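In: any chance you can model this:
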Amino acid sequence: YNNANLASLTMNSLHTVWGVGESISVRYNDMLASLTMNNLLHLPITRAHGYCLRVEANANLTSLTMNNLENVDGSFVVYNNANLASLTMNRLENVGESFVVRGNDNLASLTMNQLMIVIGDIDVYNNANL
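Out: Sure, this is the predicted structure:
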């Protein structure tokens, strides 16, 4: 995180991403406008109640697209991305804990297709424009 001039990030076909605490964390990238994740096939949790996928506080992120995420063992969170206008998820399968979308003040469009086997809660709240 903290990549001052990163404007676009695309992740394709990541299989079994082991992290220390968080498998994938995209945070505090002030210029990041677009984030696309395709075919993330196994995000194992490495500590109790950690985040497997965390997208947080990216000030200029306007578009987040996720296609084919499978076996997200821990929580999956999208927090406090002030300019996020569109969040699209196509095929999210086997989330081991919760999926949370919170505090994205400009979120106007949320599309979720084929959500299968979410063990915890699906929480969408405190998104001012949704």
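In: low-scoring stretches of the chain, by residue?
Out: 1, 18-22, 45-50 (pLDDT under 70).
In: which residue ranges of it form strands?
Out: Secondary structure of the chain by DSSP state E: the strands cover 8-14, 24-27, 34-40, 51-56, 63-72, 75-79, 86-95, 99-102, 109-118, 122-125.
In: tell me which of those sits most buried.
Out: Counting by mean count of other CB atoms under 10 Å, strand 51-56 has the highest mean neighbour count of these, with a mean of 24. Every C-beta, even on glycine, is put in place using the N, C-alpha and C of the backbone.
In: what is it packed up against?
Out: Counting contacts by 3 or more CB pairs under 8 Å, 6 or more residues apart in numbering; DSSP states H and E, strand 51-56 is packed against strand 24-27, strand 63-72, strand 75-79.
In: so which of those gets nearest residue 100?
Out: In terms of CB to CB, the element of the helices and strands packed on strand 51-56 nearest to residue 100 is strand 75-79, at 4.7 Å.
In: what pairs with the closest one, parallel or antiparallel?
Out: When pairing is defined by DSSP bridges, strand 75-79 lines up against strand 51-56 (parallel), strand 99-102 (parallel).
In: got a list of contacts for the shortest one?
Out: Same thing as strand 99-102. Counting contacts by CB atoms under 8 Å, 6 or more residues apart in numbering, the residues outside strand 99-102 that touch it are 75-80, 87, 92, 107, 110, 115, 118, 120-127.
In: would you mind measuring from the residue nearest to residue 91 when sequence neighbours are not counted to residue 28?
Out: Distances taken as CB to CB, 6 or more residues apart in numbering place residue 114 nearest to residue 91, at 4.3 Å, with adjacent residues excluded. When CB to CB, to the nearest Å is the yardstick, residue 114 and residue 28 sit 31 Å from each other.
In: and what of residue 110?
Out: For residue 110 relative to residue 28 (CB to CB), the value is 23 Å.
In: equivalent analysis for residue 7, please.
Out: Going from residue 7 to residue 28 by CB to CB gives 15 Å.
In: quick one: which of these two has more around it?
Out: residue 28 (14 against 11; other CB atoms under 10 Å).
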